[in-house]
Structure formats: C-alpha cells, structure tokens
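Novice: have a look at this prediction, sequence included:
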Amino acid sequence: DGYADNYEYAFPILKKFGVKATIFLTTGFIEGIVDIAARDRTYARISPLTWAQIHEMKEWGISFGSHTHTHLILPRIPIEKAEDEIIRSKEILEDKLGLPVEAFAYPLGQPRTFNQKIVSLLKKHGFKFACSTIWGHDNSNTDIFALHRIRIDSCDTLNDFKEKINGNWDFIKWIQSLKG
C-alpha cells in the first residue's frame, strides 16, 4: 500500500541480506489524497512513504508496482472508474519513477475483488502480472494475473514468520476457499 514502515523496518533488512522486493503503492495515499491507513486499526498510525524514500529504495533495487490510485475495490465501481484508478496510478508511478510499471496488486486481493474485466484492463494498459492475496505458492500453472502471496503482517511474531515461510500456515488457503 505504500506504508512508511516498508522503509523504516523492511528496507534495512532487505539491504542487509541483499534481498530485492516489490512494493505496491496506492498513489493517492502517497500523495495525501486519501488516508487508507485510517480504514484499518492495524495501520491507523502508519504514515505513507514519501517520494524521497521511494526513490532511495528504487536506487538500491526495490521495484514498485501499482495498487490503484485510491484503493477502491475495482469490481464494485463502474468499469470507467476502475480504468481511471488503474491508469492514474500507473501514470503517476511512471512519471515519478522514470520507469515502466508492469506489476499490479489488487486492493484486498481476494477472488471477489478482481475479475476478467479488471484483468483485461490491466493487460490493455501494459501490466505483465498481478498479485492477489490468495494464500499459497505459485507454479507454472498459476495465472500470472492472480499470483498468490504469503501474507506477513505487522502483528506476526518471528516464529509466525518462520512458520508461514515453511508452509505451516497453508491451511489459510483452505479457509479462504471456504469463504469464497
């Protein structure tokens, strides 16, 4: 989403261990147009990244993708508004970063938060892949416009992190499938 804790906590560790990452930015949050952090108590006190922080991370090798302009759930809004959310974010990022933006992450990222119409818009505007928050690992059969992730949250302990990475939380995929 573009929270400042990506810079404050994750970036130093990524640098220390030489690990590259992609951060998905909600451009309206970065530019102060919308406060997405206020929508969730977990993130309520976290500020957005600044463009200076983003540029510093970019220079080190962190890449950035689009996460819409104002974090709206795309299938819930008119298709023209969804296209504007996608285009505006991509244009702002490409202008500020001076690089093509080909990665996208769906707000919330569950199956009900994206569909074939949204995927078609992403392809139309030059995106090469998109990430969901559907739990799991990817393989050659995974749809590149519905890539899985293993969610790591600010409330996770170091042991939770290890357990998630080692596959011991993969039951979440089953729970997600039950919820639809």
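Specialist: Structure received.
Novice: helix, strand or coil for His148?
Specialist: Judged by DSSP: H, G, I helix; E, B strand; the rest coil, the three-state class of His148 is strand.
Novice: can you tell me how far it is from Ile33?
Specialist: To Ile33, His148 is 30 Å away according to C-beta to C-beta, to the nearest Å. Any C-beta I mention is one placed from the backbone N, CA and C, and that applies to glycine too.
Novice: so for the two, which sits in the more crowded spot?
Specialist: A count of neighbours by other C-beta atoms under 10 Å puts His148 above the other of His148 and Ile33, at 17 against 11.
Novice: surely the more buried one meets Phe129?
Specialist: No - with contact defined as C-beta atoms under 8 Å, His148 does not reach Phe129; the gap is 11.8 Å.
Novice: neighbours of Pro75, just the number please.
Specialist: Residues near Pro75, counting by other C-beta under 10 Å, number 14.
Novice: quick one: contacts for it?
Specialist: Ala82, Arg112, Thr113, Phe114, Asn115, Lys117, Ile118 (C-beta atoms under 8 Å, 6 or more residues apart in numbering).
Novice: show me these that map onto helices.
Specialist: Ala82, Lys117, Ile118 (DSSP state H).
Novice: what segments of this structure are helices?
Specialist: Under DSSP H, the chain gives helices at 5, 11-17, 27-30, 51-60, 79-97, 116-124, 158-165, 171-179.
Novice: with mean pLDDT and distance to His69 added, can I get those in CSV?
Specialist: Shown next, in CSV, are the helices of the chain (pLDDT from 0 to 100; distance: least, C-beta to C-beta, whole Å):
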stretch, mean pLDDT, distance to His69
helix 5, 90, 21
helix 11-17, 95, 24
helix 27-30, 96, 5
helix 51-60, 97, 15
helix 79-97, 98, 4
helix 116-124, 98, 13
helix 158-165, 90, 30
helix 171-179, 75, 26
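Novice: can you tell me which of the ones you listed comes nearest to Gly136?
Specialist: Shortest distance between Gly136 and these, using C-beta to C-beta, is found for helix 171-179: 4.9 Å.
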